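Participant: 3D, please:
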Amino acid sequence: MIFTNISALIIPTIVFSLLVVIGNPFIVMFLMGRMSYSKKTSFMSGLTVAQIGEFSLIFVALGVKFGHVSQEILSFITLISLFTIFGCTYLIMYSEQIYKRFSGVLTIFERKKIEEKEIPKKNYNYILLGYNRIGFSVIKAFTKITKNFLVVDYNPQVVKELQEKGINAVYGDVDDSEFLEELRVDKSSVIVSTVPEKETNRLILEFVNRNKSKPILLLTGRQIEDALELYAAGANYVILPHFLGGEYTAKLIEHAKDNRNDYKKERQKELRILKERLEKGHQHPKIEKER
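Facilitator: So this is what the prediction gives:
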């Protein structure tokens, strides 16, 4: 950077930084609104792009190296990068407070008929929060028990596919106490959350406890520490996906012992499920090599 010229760049830097910090989120919110996402999801996603990346510096530095742009331009872009990176950081840190203040205005970026606002005014005995690899199996269990269950997911396409199959499904962000109230989760018997974020599951627990309701809560965690914390907060069961495979295999061995026919039946069932998952585009997550 050429520090002698910085004073002349302050005002242009502020102007262009505001364009990036405000303009980029507006573009993302507009596009996500057109895709039927809620204003909150669009807003939170928009904040993550309220900066110019380090690639901009590399790109301009190459221009300086080959003589296509001046050193002053590089200083200008660097200042904008610093301003927007710091600004974006604080926007994300205080995103919830900012959203609450501007929630009413942000409605202009939301379609009038998004799935989230079409929540049936009825009570569901079973609710699944998050349809994914785990949710795929949970729905199978729900259908064997009752037809009075609801699936909530933040992907409009997934919601549409489930609805086409005759499954009660709505689009929504479970990280929102107002939305949980609209769902009437406190009136349910069993709630299963496949969302692994601890903060989201704590919100669900707090909402249920605040309403003095006693549904059975099955939540999902990433780490053992998360599971212990959720248990202490009142969870009935915490799903730790990486450990379930071992537990299931142990129970299979205890039941089948050395009976080849039992393993054959389990193999056929597993093959049927795997083919069904493959048709739906499911893939097993890649496992990182242990260090």
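Participant: domain assignment for this protein?
Facilitator: Domain segmentation of the chain under automatic domain parsing yields 3-109, 115-239.
Participant: quick one: low-confidence parts of the stretch 1-150 of the chain?
Facilitator: For the stretch 1-150 of the chain, the stretches flagged by pLDDT under 70 are 1-5, 111-120.
Participant: can you tell me how far Phe102 is from Tyr154?
Facilitator: Relative to Tyr154, Phe102 is positioned 21 Å away (criterion: CB to CB, to the nearest Å). From N, CA and C alone the C-beta is placed, and that goes for glycine too.
Participant: the more surrounded of the two?
Facilitator: For Phe102 versus Tyr154, the count of surrounding residues by other CB atoms under 10 Å is larger for Tyr154: 20 against 12.
Participant: tell me who's in contact with the more buried one.
Facilitator: Applying CB atoms under 8 Å, 6 or more residues apart in numbering to Tyr154 gives the contacts 37, 41, 130, 171-174.
Participant: ok, now Ser213?
Facilitator: By CB under 8 Å, 6+ apart, the contact list for Ser213 reads 185-187.
Participant: of all the residues you listed, the one with the weakest confidence?
Facilitator: Looking at the contacts of Ser213 by pLDDT, the weakest one is Asp186, with 80.
Participant: my read: it touches Pro215, true?
Facilitator: Yes: between Asp186 and Pro215 there is a contact at 7.1 Å, judged by CB atoms under 8 Å.
Participant: intersection of neighbour lists for these two?
Facilitator: The contact sets of Asp186 and Pro215 overlap at Val208 (CB under 8 Å, 6+ apart).
Participant: so what's the residue nearest to Ala169 when sequence neighbours are not counted up against?
Facilitator: Using CB to CB, 6 or more residues apart in numbering and skipping residues adjacent in sequence, the residue nearest Ala169 is Leu162, 3.8 Å away. Contacts for Leu162 (CB under 8 Å, 6+ apart) come out as 131, 151, 153, 169.
Participant: mind listing which of those residues are in strands?
Facilitator: Judged by DSSP state E, the contacts of Leu162 include 151, 153, 169 as members of strands.
Participant: out of these, which is nearest to Arg267?
Facilitator: Within these, the smallest distance to Arg267 is 29.3 Å, found for Val151 (CB to CB).
Participant: what residue ranges in the stretch 151-291 of the chain score low on pLDDT?
Facilitator: Counting by pLDDT under 70, the stretch 151-291 of the chain has low-confidence residues at 284-291.
Participant: would you state the helices of this protein in chain order?
Facilitator: Remark: helices assigned in the chain by DSSP state H are 6-34, 39-47, 54-65, 71-93, 95-102, 133-145, 156-164, 177-183, 198-210, 224-233, 241-256, 260-279.
Participant: out of those helices, which comes closest to Ile191?
Facilitator: Per CB to CB, nearest to Ile191 of the helices of the chain: helix 198-210, 7.1 Å.
Participant: who touches the closest one?
Facilitator: Identification of contacts with helix 198-210 by CB under 8 Å, 6+ apart yields 129, 174-175, 177, 180-181, 185-186, 191, 193, 195, 214-215, 217, 219-222, 226, 229-230, 233-235.
Participant: kindly recompute the last result at 7 Å.
Facilitator: 174-175, 177, 180, 185-186, 193, 195, 215, 217, 219, 221, 226, 229-230, 233-235 (CB atoms under 7 Å, 6 or more residues apart in numbering).
Participant: give me the buried entries from the residues you listed.
Facilitator: Neighbour-count burial (16 or more other CB atoms under 10 Å) applied to the contacts of helix 198-210 gives 174-175, 180, 185-186, 193, 195, 215, 217, 219, 221, 226, 229-230, 233, 235.
Participant: which one among the residues you listed gets closest to Lys251?
Facilitator: Using CB to CB, the buried ones among the contacts of helix 198-210 come closest to Lys251 at Gly221, 20.8 Å.
Participant: can you pull the contacts of the closest one?
Facilitator: Going by CB under 7 Å, 6+ apart, Gly221 touches 196, 198, 227, 230, 238, 240.
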